[in-house]
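Chemist: Can you look at this prediction? I've put the sequence above it.
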Amino acid sequence: MTDVLSLDSVTVTRGSKNLLDAVSLTVKEGERWVVMGPNGAGKTTLLQLAAARMHPSKGTVSILGEQLGKVDVFELRPRVGLASTALMGHIPAEEKVLDAVVTAAYGVTGRWREEYERFDERRAFMLLEQWGVGTLLSRPFGQLSEGEKKRVQIARALMTDPELLLLDEPGGGLDLGGREDLVARLTHLAKNPSAPAMIVVTHHVEEVPPGFTHAALLKDGALVAAGEIDDVLTAEKLSETFGMAIELRVDGGRRFATARA
Ligand SMILES: Nc1ncnc2c1ncn2[C@@H]1O[C@H](COP(=O)(O)OP(=O)(O)OP(=O)(O)O)[C@@H](O)[C@H]1O
């Protein structure tokens, strides 16, 4: 299988701090990855690299066969779908939901011309429907609930039919129903063989959709473990990553973690 993303001894330094420290990781076509680690571990930094929105200080990053530093990132970015709260912050509050999705086809976050291709509008609508927010298409984006915004964000990330999909904490701020709905939709997407390779950052093992194939655990910018999900999401490795004794329960393909009493 082809490499979709490859990090080779990647370090990202800001001031005297290494946000990522000698990280090597390869994601192949068809794989579904989850990235976990404590606050400040470097998860978002990793996704920013994968989205061609940051360059490494040391090491090499190759995305879809193109090496960062040797490629025009503006040509590469539409091939990678990114959904993150930071990106969501760039969508103007008054932007209509449909436009918030359509504009991804043009690599912008605000509607900047009156007429978009009908094809793009149809695709945006189809994606909004798929993510259960089709009825909101005319609402201003800023008025949506957190859960609705998350789904619109994912629809937006899929707009360009990306070869790599990156979701940064898609379950953040969702209520129980919203989280379960998201997990079900991601499970469905993960099972689709024509869906892009995926990397999902999450804080909670409960949010890991069944069917995800790989996991990476980060701590202080370094990888604790990376590889097949059952080898990585273990009580022992989660305990090491989070610095506390963790008990893990697996039930119906879902995982549940608590502190060991
Ligand atoms: N420009 C910067 N200069 C200095 N430190 C930074 C900079 N950007 C991020 N950091 C720090 O780098 C570390 C990693 O940040 P990152 O956002 O990648 O972590 P994260 O694992 O996504 O955290 P969280 O779970 O809290 O979202 C954090 O300690 C953060 O404060």
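Modeler: Right, received. Where do you want to start?

Chemist: What is the neighbour count of whichever residue of the stretch 51-200 of the chain sits closest to the ligand?
Modeler: For the stretch 51-200 of the chain, the nearest residue to the ligand under the criterion C-beta to the nearest ligand atom is residue 169, separated by 7.0 Å. C-beta coordinates here come from the backbone N, C-alpha and C atoms, glycine included. Residue neighbour count, defined by other C-beta atoms under 10 Å, stands at 20 for residue 169.

Chemist: List the residues that contact it.
Modeler: Contacts were defined as C-beta atoms under 8 Å, 6 or more residues apart in numbering; by that measure residue 169 touches 84-85, 201-203.

Chemist: got it, and residue 62?
Modeler: Residue 62 touches 3, 5-6, 8, 68, counting by C-beta under 8 Å, 6+ apart.

Chemist: go again using 10 Å as the cut-off
Modeler: 3-8, 26, 68, 70-71 (C-beta atoms under 10 Å, 6 or more residues apart in numbering).

Chemist: do the same with residue 171
Modeler: Contacts for residue 171 (C-beta under 10 Å, 6+ apart) come out as 147, 150, 178-180, 182-183, 186, 200-204, 206-208.

Chemist: Kindly state the pLDDT recorded for the residue of the stretch 51-200 of the chain closest to the ligand?
Modeler: Reading off the confidence values, residue 169 has pLDDT 93.

Chemist: helix/strand/coil for the nearest residue in space to residue 250 that is not next to it in sequence?
Modeler: If you skip the residues right next to it in sequence, residue 250 has residue 256 as its closest partner in space, 7.7 Å away by C-beta to C-beta, 6 or more residues apart in numbering. Secondary structure of residue 256, reduced to three states by DSSP: H, G, I helix; E, B strand; the rest coil: strand.

Chemist: what's the burial count for the residue lying closest to residue 157 once chain neighbours are set aside?
Modeler: Take residue 157 and drop its neighbours on the chain: the residue closest to it by C-beta to C-beta, 6+ apart is residue 81, 3.5 Å away. Taking other C-beta under 10 Å as the neighbour definition, residue 81 ends up with a count of 25.

Chemist: now the helix or strand harbouring residue 81, how far from the chain's geometric center?
Modeler: In this structure, residue 81 is located in strand 80-83 according to DSSP states H and E. Mean-position distance between strand 80-83 and its chain equals 7 Å (C-alpha atoms, centre = their mean, to the nearest Å).

Chemist: Next SSE downstream of it?
Modeler: Secondary structure here is assigned by DSSP H and E; on that basis, the next helix or strand after strand 80-83 toward the C-terminus is helix 85-88.

Chemist: tell me what that following helix is packed against?
Modeler: Secondary structure elements in contact with helix 85-88, counted by 3 or more C-beta pairs under 10 Å, 6 or more residues apart in numbering; DSSP states H and E, are helix 43-50, helix 146-158, strand 164-168.

Chemist: Looking at the ones you listed, spot the one closest to residue 133.
Modeler: In terms of C-beta to C-beta, the element of these nearest to residue 133 is helix 146-158, at 4.8 Å.

Chemist: CA atoms only for that closest one, dumped as CSV, please.
Modeler: Taking C-alpha atoms only, helix 146-158 is exported to CSV below (Å, rounded to 0.1, in the frame of the first residue of the first chain):
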residue,chain,number,x,y,z
GLU,A,146,-21.0,23.0,18.9
GLY,A,147,-22.2,19.6,17.7
GLU,A,148,-23.7,21.1,14.5
LYS,A,149,-20.5,23.0,13.9
LYS,A,150,-18.4,19.9,14.2
ARG,A,151,-20.5,18.1,11.6
VAL,A,152,-20.3,21.0,9.2
GLN,A,153,-16.5,21.1,9.8
ILE,A,154,-16.2,17.5,8.8
ALA,A,155,-18.4,18.0,5.7
ARG,A,156,-16.2,20.9,4.8
ALA,A,157,-13.0,18.8,5.3
LEU,A,158,-14.5,16.2,2.8
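
Chemist: Done for today, thanks.
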